[in-house]
Structures are given as structure tokens and as C-alpha cells.
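**Q** Attaching a predicted model along with its sequence, questions to come.
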Amino acid sequence: MRAILQVAAVLSVTASGMVAGNIVEAVKVESLDGFKCGTPLVKKIKWTPVAVYPQSTVKLNDKRALELHKGAKGKIVEVGALTDGKEIAIVLRWPDKSQDLYKGYKSDLYADGFAVQFASSAQEPEKLPYIGMGSDGRPVAIYLRKAYERVYEPNGGGDVAHQVNPHNTPYFGGALEKFKEEVAQKGTTTYQRAFVSEGFRSMTEIRDGSASYRTDMHYVEKRGGMWGGTVIRPVEDGYAAPTQGEYAVAIAVWDGKELERDGLKRLSGWIAVKLPGGKNGELERVVSEVVSGDLANGKKQFETNCASCHWSRDFQNAPLYMAPGLENIGGQATAAYLRESILDPNAVVVPGYNRNAHPNFSWYMVDEKGNRTSTMPPFNYLDKKSIEDLVAYLQSQKAEVEK
Amino acid sequence: MSKRQLAMVMDLNKCIGCQTCTVACKTQWTNRNGREYMYWNNVETYPGKGYPKNWMELGGGFDAAGDLQPGIIPNIESDYGVPWDYNFDSLAEQNLIDGGSQAAWRPETSPTWGPNWDEDEGAGEFPRDNYFFYIPRICNHCTNPGCLSACPRDAIFKREEDGVVLVDLDRCQGYRYCIAGCPYKKIYFNPKISKSEKCILCFPRIEQGLPPACAQSCVGRIRFVGFLDDEEGQVYKLVHKYKVALPLRPDYGTQPNVYYIPPVDTPPKFDAEGRIIEGSNRIPTEELEKLFGPGVHEAIKTIREERKRRAETGESELMDILIAYQHKDMFRLDHNYYTQVAKEKGVKPLPLVDDRYVAGKYTKPSSLSHFKVHS
């Protein structure tokens, strides 16, 4: 019953167009050993509804997926957290009508999945990493889990002997069956990966075992079908640590049915996750700040200053690949980030497309040292009211949320 | 762009569609671990839908402005074709005496498409003006690769030393934008390891002095391999000196580095009474222009002129090259260059296993003490 009420609350929140709180309280529990989706500890979680919006900063080149994502809506993901003092578990549950597993011998099948992104630090909440996988000097740790039935990595250990076609082995009968079993054992049923990243082209898998974490993913048919997912990692490690008992966390979910993978996903803004006794008032203020400006003037400011390069939901006259698309920026960026980007575009330079893909539209210039300078000029000459109105307008830029 | 570019030329006048290249490639690289359906090298009939089915209509590549175009990722069953096996086991176990006459050799699945599904069908009306020819296709190791440009992980790279385009399997996360981005659909998704894989131009062979398996095994000797800047090489002469070798679908904007000598003289057409129409040619030049660009007219003219010159004077360098007398002239793998590159990288060069194809811009055969001319 409580769960139903919560969903109802979620719907009313989104229906009125308010921003969901984006503050999650971690509940203290005895131990997280053996915790996964469906274990009784789940009942202790305090759920917070978080809206996730389609990523529209870059337009990817899968024709079918692009067609499927015309008019894509946002979704509500419920987020909770548990901690036993040593580890922190981030728990998600979100609606998905179909369970899309990656299995079999297919070239065009995609799995449902989710990811949890931790800002390495929330020391300066006004300067959180770029929401899309961090930015230069502002690293993030990302935990990814996908609904794969089985993946093989015979290359992993440089194992050449097991890469041979069964027909090409000298084995027959029982020995051949044994060989096939050995190959199968090289496979894993758990597609989970940890990454570090400072901007999305720099994302690199952590393979040296230095990231200790575990993930779980579980589908239930109730409420029209939904996924649950957990990521458990140490409260503090070299990749991310709380600041005054709080983390900046973001989440993403993928729907395989809509051919989603990589940037084709739904992504939240930064969420403050509070450990018991945590007190980072500044982080909470930043992630929940809603600027109440003059939207009409903000729209006018956008048309005058931004629309010749950027898309918004109202203006889509700029060449398609000219600059990051801002159709969902309000669902993903904090007001602080929007202000920073308007005043100092070089603070965060989004890597964007491969430089070869759209050579006429460079989002940045690179010097000999590899430093990137944004091609966007700073708009620091605008008066304070115009900037606040513009930020308010940008915060309004997001897709409708699915009911 | 890489420092140098290794390229291949294929003479379509001589391809007989025997698939020896396909088999050489498959047994070497793609007969296992999720690659079973892939043909890094395939030979398809033109006109035809090709492999994967209708690949020319699946998008990718660049428009005139240089923007990467969206593309479609083919489906294994309907577009590539499932590599099926036959019912060997049930046939072997069947009791033909008691079981009646059920014995038949059947695929285990019901395939609807596969490589060479429309082999030798071609176009036109038999016997008046029907025609077809074969196009062997490998990865073009493009100068401006669509796959590389599409990858959001920067997992695809072009080797600095010879321009071979490769996938870094450690970085690849199996997103498959590369497949949408490649207009030739010559990069494939390995469903077993969930990563993309493609033709590697047999670089481990090349570094050891062996041409790519497809080229060495070609019974028609249609394939030439060498560096585009090696002016003494036959690849250079065919592409740059005589300009008779042309890239496939240059309009896709990827600047491919596999070049084709278009089929020049084909049998004449017949009229309604079955008489030969003198001077006619079964392959429409418009079709060749669609495949190889406007340069095809000049290329055909050059080949005809050189052939005439050879007939009249007995001399033509181009005809000598196209006759393909010696593998050692057709393959110039510049072994000293690779040794030098390995040294610069601080790695041990691979040992030479064959000394016949070592020549190149930086490798004069006489400079190698162990070099012998096999005549």
C-alpha cells in the first residue's frame, strides 16, 4: 500500500511540473552482506522519486533508434540507499514494460540496464563534474550493470587455446563436450563493470581489481513490469568519497526495447545521497535549486544569444551538429552548472562527437598540450537578471515525464 | 591520417567468384567464438543485394558537407544469414530400413538469407542482355573511416604506420554505432563477446612478410598489395600512374583504400533474333559509374588503349602488371619499414617467414643479405 501511495505521490509531483527533491537519505542497517533486490532489507529503504530524461546533448547515428526516440519522454526512477558503515548500497527501481535480456546469436539486440555515477568528490557543489560522465579535473566513478544472459571473454586471459573452432580441435565425443564446457566456463553471466571517467571519451574500465563493488538486477512483473537494481561499493575508496557525509550521485537507465545503449539512455541530474548524520547543506541546495525567473524573458534571451548554435524545445534552427542540444538540459544540469557554462564555457568543455564525424562543427579547440578551449564565447556581459531568466528557461527544458 | 597507407587493388576482370579468398579468411579468422556469421572477406555478385542484404541502402558514411550519416544495423537472421549446420546427427542415427524414406539433408534452421544467396543471378534478360560480375569485398581501411568516426568510446583507431583500421577490444563496449557508420557494413558485431570486430588486413602476416590470406590465396591473381607511396610498386602504378584502379562507392566520402579495376570488355548483347549486336557491351557503364565514380570512363579508355598498344607494339607496362606474372611483384610489403617501426616502438620485430614479398620503398631487396630471387 505504501508503495502505491509513493507512486501516486510521484505522479502528482511530476504532473505539477515540480522538480523531484533529488535528495536521498541512506538508511543505516546492520550489514549489507548478501543484500540484493528482493531481500527483506529492501523494506527499510526510504525511496525518493527521481526523474530521468532522454540524453539529447549529442545525436547518435543509429537511424532506427533515432526514429524510436522522437518525442521520447522522461521516466521516474525511485532511488534509495542503505549503509552498514563500511559499504553503501544505491538501490533503484523503475518501470519498464518489457524485460529485455541480451541473449542468443543476435546483432541488433540490446539489453536493459542501469548505471550509478558517483562524483569523486562533492567538495565544491557549485562545480560538480559534468553530468555526462564527468569532465576534465572533475572525475567520476561509474558502475554499470546490464541484463546479459551470458558473455564470453576468451581473450581476457590471452587464452588462445580455447579460441579454436570446435571443428578444428583434435577432440571427439566426450573430449569435445569437455572442451565446449571449458569454453563455456570462460563466460560470465554478470555483465557488470566499473569505470573512471573525466568526460565521456575518457571513460576507462577499471580492470586491475582496485574497485571493489557488486551489482544486482532483478525484474518483476508487478505494476506493469519493473526493474530493481543495486550497486554496493565501499563508503570510501580511491574513486569516490563522501564530503561531510554526502555524495553527489547520478543514475541512468537503458531500455533495450528502444535500442538504448551508451548515450541513448535516460539520465538524472545530480542527486545528494546523505549518509546517516551527513550534513552537506550546500550540496543539497545545489542539487535542488530551482531558479524562479521570468521564463518569457529567458526564452527571449535564448533566442537572441543561444539559438543560433543550440537547440532547445522551442528553437531548432541551428545546424544539427553545431553545439550540444539543450532539449533536456533542465532535467540533467544544476542551475549552478548552467550559470557556470554561460559565464565561463571553458570551465567544462564537453568532448562531443568524434572530431572526424562532424568536422565543420568543432565544439572546442585544442592547443599543443591537449587543453581544450570551448568555441562558445563567454556571455559574462549579460546582466544578472537576464542570466537568471535564461537559467530559469533552461531549467524548463525537459521532456514530459511518462505517467 | 596515417603516415603511410597500405592498399589493395583487385582486378574485377579476372575474379571468377571461386571464394577461395573467402575461405582463406574464414578459416584463418572467423570460424569461431561468435564470428561464425561474419565474412571479413566476401565475394558477391553484382547486380545483387550483396552481403549483408542491401548493404548499399543501409546508410552510414558521410554527406557532401562531411557529416557522418545515420545508418541501420543489420539483423543476423534476415540480413547476414545464420551459419546453419545440417542434420548430420539425425541422419547418422536414422534406421533407413525400418524408418522408411525420411532421409534427407536439411539445414537445421530455415534460412532466408546468407552470403551469396543471390549468386550469379545478376540482371538483364537471358540470353539477350543478362550480365553479372563479382565484387570481392574486404574492409576498405578508409582514410576517413565511418566506423572510427561513429565510435563514442574512441575504441577504433587507424594505425599510424600503415593505415590499417583496428578495433581496440579493451575499449569497445559493443554499442554498434560503428556498424551504422560504416557504409560498406564491413565491421561486425560479435554477439558472444559483445564487441565489434573487423578485417585486420592480416597485419600479423604482413609484419612477417606474408600478404593478407585473401590476396595470397587468390587463384585468379587479382589482388595487388602495397603502399600507396611506393612509386615502384604495382599498387601505386595502378592507382596513381595509370588511374585504372578506383575506389568502391567514393560517394560515401570515407576515402577507401581498396581499389578496383572495373570490368572492361564483356560479351556483346544479342538482338531479338539472337544475332550478336556488334560493339555492344553487356555491363552498362552507368552501373560501373555508380560503383566506382566518374573516373571509370577514363579508366576503361586507358585499359583499352593500352591493350591496343600491346597488340600493336608488344609493349605496355600496364598490361604486364595486369597479367600478374609474379607474386613477388604484386605484393610489396616493405619489410625493413616494419622492422624500423617496431624498433621505434621499442618492440621486437616479428621474424620474417617468407622473403619473397619484402620489397618496398624502404626495402631494396639487395639490401637484405638473406634475400633470394625465386624465379
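**A** Yep, that arrived. The structure presented is a predicted model; accordingly, all values stated were derived computationally and were not measured.
**Q** use CA for all of it now, contacts and neighbours both
**A** OK.
**Q** OK, now which residue of the stretch 51-200 of chain A is nearest to chain B?
**A** A:Asn61 (4.0 Å; Cα to the nearest Cα).
**Q** so that residue makes contact with B:Pro152?
**A** No - using Cα atoms under 8 Å, A:Asn61 is not in contact with B:Pro152; the gap is 10.3 Å.
**Q** Quick check: neighbours shared by those two?
**A** B:Tyr177 (Cα atoms under 8 Å, 6 or more residues apart in numbering or on different chains).
**Q** ok so, going back, list the contacts of the residue of the stretch 51-200 of chain A closest to chain B.
**A** Residues near A:Asn61 by Cα under 8 Å, 6+ apart: B:Gly60, B:Leu68, B:Gln69, B:Pro70, B:Gly71, B:Ala150, B:Tyr177, B:Ala180, B:Gly181.
**Q** Of these, which ones also sit close to chain A?
**A** The subset of those within reach of chain A, by Cα under 8 Å from any Cα of the partner chain, is B:Gly60, B:Leu68, B:Gln69, B:Pro70, B:Gly71, B:Ala150, B:Tyr177, B:Ala180, B:Gly181.
**Q** So which of those is the closest to chain A?
**A** Taking the ones next to chain A among the contacts of A:Asn61 together and measuring to chain A by Cα to the nearest Cα, the closest member is B:Pro70, at 4.0 Å.
**Q** Walking through the stretch 201-350 of chain A, point out its helices one by one.
**A** Taking DSSP state H, counting those that start in this stretch as the test, the helices found in the stretch 201-350 of chain A are A:281-288, A:295-305, A:329-332, A:335-343.
**Q** which of those helices is buried the deepest?
**A** Sort the helices of the stretch 201-350 of chain A by mean neighbour count, taking mean count of other Cα atoms under 10 Å in any protein chain shown, and helix A:329-332 sits at the top with a mean of 25.
**Q** How about residues contacting it?
**A** By Cα under 8 Å, 6+ apart, helix A:329-332 touches A:51-53, A:57, A:131, A:267-270, A:394-398.
**Q** Run the chain-centre distance for it.
**A** Averaging C-alpha positions (Cα atoms, centre = their mean, to the nearest Å) puts helix A:329-332 12 Å from its chain's average.
**Q** For it, give the mean pLDDT please.
**A** Helix A:329-332 shows a mean pLDDT of 96.
**Q** Please apply the same query to stretch A:386-403.
**A** Mean predicted confidence for stretch A:386-403 is 95.
**Q** what's the distance between it and the middle of its chain?
**A** Taking mean C-alpha positions (Cα atoms, centre = their mean), stretch A:386-403 and its chain are 19 Å apart.
**Q** dump the residue contacts of B:Asn54.
**A** Contacts of B:Asn54 by Cα under 8 Å, 6+ apart are B:Asp79.
**Q** Could you rerun that using 10 Å?
**A** B:Gly48, B:Pro74, B:Asp79, B:Lys185 (Cα atoms under 10 Å, 6 or more residues apart in numbering or on different chains).
**Q** from the residues you listed, which two are the most distant?
**A** Largest separation among the contacts of B:Asn54 by Cα to Cα: B:Gly48 and B:Pro74, giving 16.8 Å.
**Q** Below-threshold pLDDT in the stretch 101-250 of chain B: ranges please.
**A** For the stretch 101-250 of chain B, the stretches with pLDDT under 70 are B:101-102.
**Q** let's see it at 80
**A** Residues of the stretch 101-250 of chain B that meet the criterion pLDDT under 80 lie in B:101-104.
**Q** since we're on residue 249, how many residues are nearby?
**A** In the absence of a named chain, this looks at chain A. A count of nearby residues for A:Val249, using other Cα atoms under 10 Å in any protein chain shown, gives 25.
**Q** that's the wrong chain, I wanted chain B
**A** 19.
**Q** Which of the contacts of helix A:329-332 sits closest to A:Pro40?
**A** So of the contacts of helix A:329-332, ranked by how close each gets to A:Pro40 (Cα to Cα), first place is A:Ala51, at 25.8 Å.
**Q** what sits against the closest residue to B:Gly124 other than its chain neighbours?
**A** Closest residue to B:Gly124 apart from its sequence neighbours, by Cα to Cα, 6 or more residues apart in numbering or on different chains: B:Asn130 at 3.8 Å. When contacts are counted by Cα under 10 Å, 6+ apart, B:Asn130 touches B:Glu121, B:Gly122, B:Ala123, B:Gly124, B:Lys269, B:Phe270, B:Arg282, B:Ile283.
**Q** Produce a PyMOL select command limited to the buried residues of the residues you listed.
**A** Remark: buried members of the contacts of B:Asn130, expressed as a PyMOL selection using 16 or more other Cα atoms under 10 Å in any protein chain shown:
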select buried, chain B and resi 121+122+269+270+282+283
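**Q** where does B:Ala311 land in three-state SS?
**A** helix (DSSP: H, G, I helix; E, B strand; the rest coil).
**Q** if we can go back for a sec, top of the contacts of B:Asn54 by neighbour count?
**A** Neighbour-wise, the contacts of B:Asn54 (other Cα under 10 Å) top out at B:Lys185, 29 neighbours.
**Q** can I assume that one is in contact with B:Trp55?
**A** Yes - B:Lys185 is within contact range of B:Trp55, at 6.4 Å (criterion: Cα atoms under 10 Å).
**Q** returning to what we had before: what pLDDT does the residue of the stretch 51-200 of chain A closest to chain B get?
**A** 96.
**Q** B:Gly34 too?
**A** For B:Gly34, pLDDT reads 88.
**Q** Secondary structure element holding it?
**A** B:Gly34 is part of no helix or strand when elements are defined by DSSP states H and E.
**Q** what's the answer for A:Phe35, then?
**A** Going by DSSP H and E, A:Phe35 is not in any helix or strand.
**Q** Any idea how many residues pack against A:Leu109?
**A** With other Cα under 10 Å as criterion, A:Leu109 counts 18.
**Q** Contact partners for it?
**A** Contacts of A:Leu109 (Cα under 10 Å, 6+ apart): A:Asp100, A:Leu101, A:Tyr102, A:Lys103, A:Gly256, A:Lys257, A:Glu258, A:Leu259, A:Glu260, B:Asn75, B:Pro191.
**Q** Next, format the residues you listed as CSV and append distance to A:Glu177.
**A** Converted to CSV, these look like this (distance: Cα to Cα, whole Å):
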residue, distance to A:Glu177
A:Asp100, 30
A:Leu101, 27
A:Tyr102, 25
A:Lys103, 22
A:Gly256, 33
A:Lys257, 35
A:Glu258, 38
A:Leu259, 35
A:Glu260, 36
B:Asn75, 30
B:Pro191, 22
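**Q** which pair in the residues you listed spans the largest distance?
**A** Farthest pair in the contacts of A:Leu109, by Cα to Cα: A:Glu258 and B:Pro191, 18.6 Å.
**Q** okay, these two: which has more neighbours?
**A** B:Pro191 (24 against 21).
**Q** How about the contacts made by the spatially most central residue of chain A?
**A** Closest residue to the average C-alpha location of chain A: A:Ala252 at 3.3 Å, with Cα atoms, centre = their mean. Neighbour list for A:Ala252: A:52-55, A:77, A:113-117, A:132, A:144, A:263, A:265-269 [criterion: Cα under 10 Å, 6+ apart].
**Q** same check, this time on B:Lys49
**A** Contacts of B:Lys49 (Cα under 10 Å, 6+ apart): B:Trp55, B:Met56, B:Glu57, B:Asp79, B:Pro115, B:Asn116, B:Trp117, B:Asp118, B:Glu119, B:Gly122.
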